[in-house]
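**Q** can you look at this prediction? I've put the sequence above it.
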Amino acid sequence: MTVRVGVIGAGWIGKEHIRRLTDTITGARVTAVTDIDAARAAEAAPVGARVLPDGASVVAADDVDAVLVTSWGPTHAEHVLNAIAAGKPVFCEKPLATTAEDCLKIIEAEQAHGRRLVQVGFMRRYDAGYRQMKQVIESGRIGEPLIVHCAHRNPTVPESYTSAMAALDTAVHEVDVLRWLLDDEIVSTQVVTPRATGKRFEHLRDPQIMLFETAKGVRIDLEVFVNCQYGYDIQCEAVGEEGLVRLPDPAAVGVRSAGQHSTEVLTDWVGRFADAFDTEFREWIAAVDAGNEPTGPSAWDGYAATVITSATVEALESGRVIATDLKPRPTFYGGIA
Ligand SMILES: NC(=O)c1ccc[n+]([C@@H]2O[C@H](COP(=O)([O-])OP(=O)(O)OC[C@H]3O[C@@H](n4cnc5c(N)ncnc54)[C@H](O)[C@@H]3O)[C@@H](O)[C@H]2O)c1
């Protein structure tokens, strides 16, 4: 069968996912698109898809089996709650919602519905390298994880990027993937700021070093450096009692030329995670098509990410260690993280 998808938000990532569902993935078709900018929706809608006036009409449409939310973060909760009320599967780009209160409303609504409908767009769980890391950790080959060293580096960011976005928009991906990799919860967060780079806009704290502690006592250090100049570089190394496992760099040929041996460093995140996005959607569509609950990041994971990244902003602003203070995890969402 073909899963008919309605898209709310036809901006940068909305268009990317429409292209993905139309040209890359089999088994899905975009049948409805909306955006508060109607011209943008019309431009993004593939042949045969209707442009609808708002998110509510996309959710209600008879020819929409599943909903994709790619609008601005503060609008996500409303669309996700509408989809749950209609009993339709919904894929929501991160963040699930921008406040813990809105995330909890979604969690309550989903539990009242009785089965999982929500998947949140944390695509790193679909990256081949992270998946291999998880297999190694679960196999026990490195023993119990003790420390994780991470870096998230972007070449530059625009002037609109704020110090809080280092946690809310950048580190949020590490927060999700580390909870999943370690099957452990982040219980406290702290931020220390080294000497600031001269390559930043004046208002920005860059780089930042985030220090997380998990319930099992694992310590995570994450360098977020968004004006590193040289490339888009994601590093992750988990150190265990008996060994370590490291995220591989993206495949790149080695070049020997002009007296040098070099390999390219990527400069944008789109290329780094393109395959992960494809896999993420392939697996989501397969689950929807089979009538199964989604297997990817849940509304609970979306809630945890919002709480932990908001606490990290508080840690940056206060200079203190902040407890993440998550509610007890409902059994509805299984596992530890
Ligand atoms: N997973 C990832 O790595 C990743 C990457 C990029 C963006 N995102 C997330 O995707 C979301 C969108 O990001 P973007 O870069 O595409 O932003 P964008 O500004 O390019 O696009 C957002 C679009 O949503 C529309 N919109 C806003 N509110 C709406 C509403 N209520 N109904 C319908 N349309 C509405 C806007 O007009 C705009 O066209 C954000 O939450 C962002 O954090 C995730």
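**A** Ah, there it is.
**Q** nearest to the ligand within the protein, name that residue for me.
**A** For the chain, the nearest residue to the ligand under the criterion CB to the nearest ligand atom is Gly11, separated by 1.7 Å. C-betas here are computed from N, CA, C, even on glycine.
**Q** which residue packs closest to the spatially most central residue of the chain, ignoring adjacent ones?
**A** For the chain, the residue whose C-alpha lies nearest the mean C-alpha position (CA atoms, centre = their mean) is Phe122; its distance is 2.6 Å. With sequence-adjacent residues excluded and distances taken as CB to CB, 6 or more residues apart in numbering, Phe122 is closest to Asp176, at 4.0 Å.
**Q** distance of that neighbour from Arg195?
**A** Relative to Arg195, Asp176 is positioned 29 Å away (CB to CB, to the nearest Å).
**Q** looking at the two, which is more packed in?
**A** Taking Asp176 and Arg195 together and counting by other CB atoms under 10 Å, Asp176 has the greater number of neighbours (25 against 6).
**Q** so that one is in which element?
**A** When elements are assigned from DSSP states H and E, Asp176 belongs to helix 172-182.
**Q** which is the next helix or strand following that helix?
**A** The element immediately downstream of helix 172-182 (helix or strand, assigned by DSSP H and E) is strand 186-192.
**Q** buried residues in that next one?
**A** Residues Ile186, Val187, Ser188, Thr189, Gln190, Val191 are the ones in strand 186-192 that count as buried (16 or more other CB atoms under 10 Å).
**Q** again with stretch 39-59
**A** Within stretch 39-59, the residues that qualify as buried by neighbour count (16+ other CB under 10 Å) are Arg40, Ala41, Ala44, Ala45, Ala49, Arg50, Val51, Leu52, Gly55, Val58, Val59.
**Q** nearest to Glu317, of these?
**A** The shortest distance between Glu317 and any of those, using CB to CB, involves Gly55 and amounts to 32.7 Å.
**Q** assess the claim that that closest one and Ser71 are in contact.
**A** Yes. Counting by CB atoms under 8 Å, Gly55 does reach Ser71; the two are 7.2 Å apart.
**Q** and for the two, which residues touch both?
**A** Ile8, His79 (CB atoms under 8 Å, 6 or more residues apart in numbering).
**Q** quick one: contacts for the nearest residue to Trp180 once chain neighbours are set aside?
**A** Counting by CB to CB, 6+ apart, the nearest residue to Trp180 once its immediate chain neighbours are dropped is Arg125, at 5.5 Å. Contact analysis of Arg125 by CB under 8 Å, 6+ apart lists Arg131, Asp176, Val177, Trp180, Ala276, Glu280, Gly296, Pro297.
**Q** ok, now which ones touch the fourth one?
**A** I take that to be Trp180. Contacts of Trp180 were listed using CB under 8 Å, 6+ apart, and they are Arg125, Lys134, Pro297, Asp301, Ala337.
**Q** one step back: touching, the residue of the chain closest to the ligand and Ile36? I think so.
**A** No. Between Gly11 and Ile36 there is no contact under CB under 8 Å: 10.0 Å.
**Q** where does the stretch 1-150 of the chain have low pLDDT?
**A** Within the stretch 1-150 of the chain, no stretch has pLDDT under 70.
**Q** now do 90
**A** Judged against pLDDT under 90, the low-scoring parts of the stretch 1-150 of the chain cover residues 1.
**Q** which residue ranges of it form helices?
**A** Taking DSSP state H, counting those that start in this stretch as the criterion, the stretch 1-150 of the chain contains helices spanning 12-19, 38-44, 55-60, 76-85, 100-113, 128-139.
**Q** winner for burial among these?
**A** Mean neighbour counts were taken over these using mean count of other CB atoms under 10 Å, and the top value, a mean of 23, falls to helix 76-85.
**Q** now it - C-alpha only, CSV.
**A** In CSV, the C-alpha atoms belonging to helix 76-85 read as follows (Å, rounded to 0.1, in the frame of the first residue of the first chain):
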residue,chain,number,x,y,z
HIS,A,76,4.6,21.7,16.8
ALA,A,77,2.5,20.9,19.9
GLU,A,78,-0.7,22.1,18.4
HIS,A,79,-0.3,20.0,15.2
VAL,A,80,0.8,16.9,17.1
LEU,A,81,-2.1,17.1,19.5
ASN,A,82,-4.5,17.5,16.6
ALA,A,83,-3.0,14.4,14.9
ILE,A,84,-3.3,12.3,18.1
ALA,A,85,-7.0,13.5,18.5
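**Q** quick check, that helix touching the ligand?
**A** No. For a cut-off given as CB under 6 Å from any ligand atom, helix 76-85 has no contacts with the ligand; the smallest distance is 6.5 Å.
**Q** quick check: angle from that helix to helix 100-113?
**A** Note on geometry: by axes from the mean of the first three to the mean of the last three CA atoms, to 10 degrees, helix 76-85 and helix 100-113 are set 10 degrees apart in direction.
**Q** which helices and strands sit right next to helix 76-85?
**A** helix 55-60, strand 66-69, strand 90-93, helix 100-113, strand 118-121 (3 or more CB pairs under 8 Å, 6 or more residues apart in numbering; DSSP states H and E).
**Q** lovely, talk soon.
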